[in-house]
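1. coords please:
(chains A and B)
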Amino acid sequence: MRRLFVALVVLALIGAGVAWFLSAPKPAFDAAQTQTLEQGGDAARGKLVFAAGGCASCHMTPGQEDRENLGGGLKLASPFGAFVAPNISSDKDDGVGAWRVIDLANAMISGVSPQGEHYYPAFPYTSYHLAKIEDVRDLMAFLRTTPAVPGKAAAHEIPFPFNQRRALGLWKLMFFDTARFAPDASKSETWNRGRYLVEGLGHCAECHSGRNALGGIDPARRFAGAPDLEGKGVVPNITPHESGLGKWSAGDIAELLKSGFTPDYDSVGGTMAAVVRNTSQLSAEDRAAMAEYLKSLPPRPAPPRPAKTGG
Amino acid sequence: MKVHTIALSLAAALAATAAFAQADVIKARQEAMKATGGQTAIVGKMLKGEEKFELAKAQAALTQYVAVGEKGPSLFPAGSQNGDTAALPPVWTNKADFDAKFAKFAADSKAAQAKIKDEASFKATMPDLLKNCGGCHETYRAKKS
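-> Numbers count the residues shown, from 1 in each chain, chains lettered A, B, ... in the order given. Purely as a prediction, here's the structure:
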């Protein structure tokens, strides 16, 4: 009996040890690369990366209009609790003013903080990991030009067990594809640019895809639309299926990303209005590239609608 | 007993009327928004050069915008959040801001009526005016597909 007990304890300890080992944060860049990564960086180009990434939509201080006032504090509702967007202003203590390029690179590409902890995927590193290092460097240069906003954002309101950040290491093993962006040589340059913007910086899949019970994106429902996690309504299917953008031309999609108008001249609402404020700052070529990529997606049916809405 | 029955049927009739009135007002605002979208389709095509610019068409759209801006607040009375509507609860919890956004749309549309005299002034004025649409939908209308 005693021997069985000891065996069980040993097994449990081994299990815990393996889980602990597997869940370790693994930043893509190590300290030796700090200086190399720091070289260069163009704030003007970084501003476009900032727009393409939609950073302001979550990180700008709520209740004001200045998109470069990045004090954080916006709450994002989810089935796991409410996430609060942190301060990413240039404030040295409360924002990212003391960050180096390597810190931003590990945050966006590996979902690991400068303190070596996992970030929650509410910060969409599951898409941002495709970012090119030059874009990260430019973005850091831009963030350094934004005003310092003092004050840390509130803590996440995430109950146990989801408040155990280490466990995110196991979530990442299941749902975080760490492959970096590799252009597809069989496709056009504009298609590749569109894929980079849609799948990477634009992180369109994060809202427009169905997710499983653990919050991972279901590949069969990628881009096919989903219930709105934040409240009423549905996030539309953006694949070229008849229940999605099947009847839309690439020009229609580009127009929506520029002006917010659908082909029948409804103006998009909800968080997509904020997305349009980002995409409207991109070049016409970039919007056309995003449209070209979206039109090339495999058509997937939208999930059944929870309730009919109108007006 | 009889009084009781009459009172009951009266109450039922009233409730039915209220429900009908609510469905009516939801329908009325959907029609108003649809008409606004219809006018905006013409504006959008002229902006993109898919249709030839005509001042009368631009002004007709602006007339619609002023009208919808002015009567907008009355199309969202208290209680009309229940029913088949994509209007979000903040319409009623932030009614002052919601009404102010309609008022601003009406005022901006009136200013545009005075400003738009030809294709150049149309192209310079319209895109900014149309930002009012998304500015309000962002907070006050549910996502649709």
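2. in chain B, which residue is closest to the centre?
-> The centroid of chain B falls nearest to B:Met33 when counting by Cα atoms, centre = their mean (4.5 Å).
3. wasn't it part of a helix?
-> Yes: counting by DSSP: H, G, I helix; E, B strand; the rest coil, B:Met33 is found in a helix.
4. what's the spacing between it and chain A?
-> Distance, B:Met33 to chain A, by Cβ to the nearest Cβ, to the nearest Å: 6 Å. Bear in mind the C-beta positions are built from the backbone N, C-alpha and C, glycine included.
5. mind pulling the model confidence for that residue?
-> At B:Met33, the pLDDT value in this model is 94.
6. so which residues of chain B form helices?
-> Assigned by DSSP state H, chain B shows helices spanning B:2-48, B:55-71, B:90-93, B:95-115, B:119-140.
7. what does chain B have sitting close to chain A?
-> Those residues of chain B that sit near chain A, judged by Cβ under 8 Å from any Cβ of the partner chain, are B:26-27, B:29-30, B:33, B:37-38, B:40-41, B:43-44, B:48, B:84-88, B:127, B:130, B:133-135, B:137-138, B:140-145.
8. what does the helix or strand that contains A:Asn192 contact?
-> Per DSSP states H and E: A:Asn192 is located in helix A:189-195. Identification of contacts with helix A:189-195 by Cβ atoms under 8 Å, 6 or more residues apart in numbering or on different chains yields A:183-184, A:187, A:285-286, A:288-294, A:296.
9. show the buried residues in those residues.
-> Neighbour-count burial within the contacts of helix A:189-195 applies to A:286, A:288-294; the criterion is 16 or more other Cβ atoms under 10 Å in any protein chain shown.
10. okay, and for chain A, where does confidence drop off?
-> Across chain A, the ranges flagged by pLDDT under 70 are A:230-232, A:305-311.
11. helices along that one, start to end?
-> Per DSSP H, chain A carries helices over the ranges A:2-22, A:34-38, A:43-52, A:55-59, A:101-110, A:125-128, A:133-145, A:168-175, A:189-195, A:205-208, A:250-259, A:271-279, A:284-295.
12. so which elements touch the last one?
-> Spelled out, it's helix A:284-295. If contacts are counted by 3 or more Cβ pairs under 8 Å, 6 or more residues apart in numbering or on different chains; DSSP states H and E, helix A:284-295 sits against helix A:189-195, helix A:250-259.
13. in the first one, what's buried?
-> Under the neighbour-count criterion of 16+ other Cβ under 10 Å, helix A:189-195 has A:190-195 buried.
14. do stretch A:98-112 as well
-> A:99-112.
15. B:Pro90 against B:Phe98, yeah?
-> Yes: between B:Pro90 and B:Phe98 there is a contact at 7.3 Å, judged by Cβ atoms under 8 Å.
16. who touches both of the two?
-> Residues touching both B:Pro90 and B:Phe98 by Cβ under 8 Å, 6+ apart: B:Tyr140.
17. if you count surrounding residues, which of these two has more?
-> It is B:Phe98, of B:Pro90 and B:Phe98, that has more neighbours when counted by other Cβ atoms under 10 Å in any protein chain shown, with 21 against 14.
18. for chain A, see how far away the residue nearest to the more buried one when sequence neighbours are not counted is.
-> Closest residue in space to B:Phe98, ignoring its immediate chain neighbours: B:Val91 at 5.1 Å, by Cβ to Cβ, 6 or more residues apart in numbering or on different chains. Distance of B:Val91 to chain A, given as Cβ to the nearest Cβ: 11 Å.
19. burial count for the spatially closest residue to A:Asp91 that is not a sequence neighbour?
-> In this structure, A:Asp91 finds its nearest non-sequential neighbour in A:Ala148, 4.0 Å apart by Cβ to Cβ, 6+ apart. Close neighbours of A:Ala148, defined as other Cβ under 10 Å, add up to 16.
20. what's the separation between A:Ala148 and chain B?
-> Using Cβ to the nearest Cβ, one obtains 28 Å as the distance from A:Ala148 to chain B.
21. low-confidence ranges in chain B?
-> Counting by pLDDT under 70, chain B has low-confidence residues at B:1-21, B:144-145.
22. if we go to 90?
-> B:1-24, B:48, B:79, B:81-86, B:135, B:142-145 (pLDDT under 90).
23. show residues contacting stretch A:51-58.
-> Against stretch A:51-58 from outside (Cβ under 8 Å, 6+ apart): A:50, A:67-68, A:70, A:72, A:74, A:76, A:85, A:88, A:128, A:131, A:139, A:197, A:201-203, A:271, A:274-275, A:277-279, A:281-282, A:286.
24. hmm, A:Asp138 is touching A:Leu104, no?
-> No: using Cβ under 8 Å, A:Asp138 makes no contact with A:Leu104, being 10.4 Å away.
25. just give the number of residues close to A:Asp42.
-> Here the number of neighbours of A:Asp42 (other Cβ under 10 Å) works out to 15.
26. now it: phi and psi?
-> Here is the backbone geometry of A:Asp42 (degrees, to the nearest 10): phi -120, psi 110.
27. so B:Ala41 is in contact with A:Tyr265, correct?
-> Yes: in this structure, B:Ala41 is within contact of A:Tyr265 by Cβ under 8 Å, at 4.2 Å.
28. and these two? which has more neighbours close in?
-> A:Tyr265 (20 against 17).
29. and the gap between that one and chain B?
-> According to Cβ to the nearest Cβ, A:Tyr265 and chain B sit 4 Å apart.
30. same question for A:Asp228.
-> 5 Å.
31. now do the contacts for that residue.
-> A:Asp228 sits in contact with A:207, A:234-235, A:270, B:142-143, where contact means Cβ under 8 Å, 6+ apart.
32. next, the contact list for the nearest residue to A:Ala250 once chain neighbours are set aside, please.
-> Closest residue to A:Ala250 apart from its sequence neighbours, by Cβ to Cβ, 6+ apart: A:Ala291 at 4.0 Å. The contact partners of A:Ala291, taken as Cβ under 8 Å, 6+ apart, are A:194, A:250-254, A:257.
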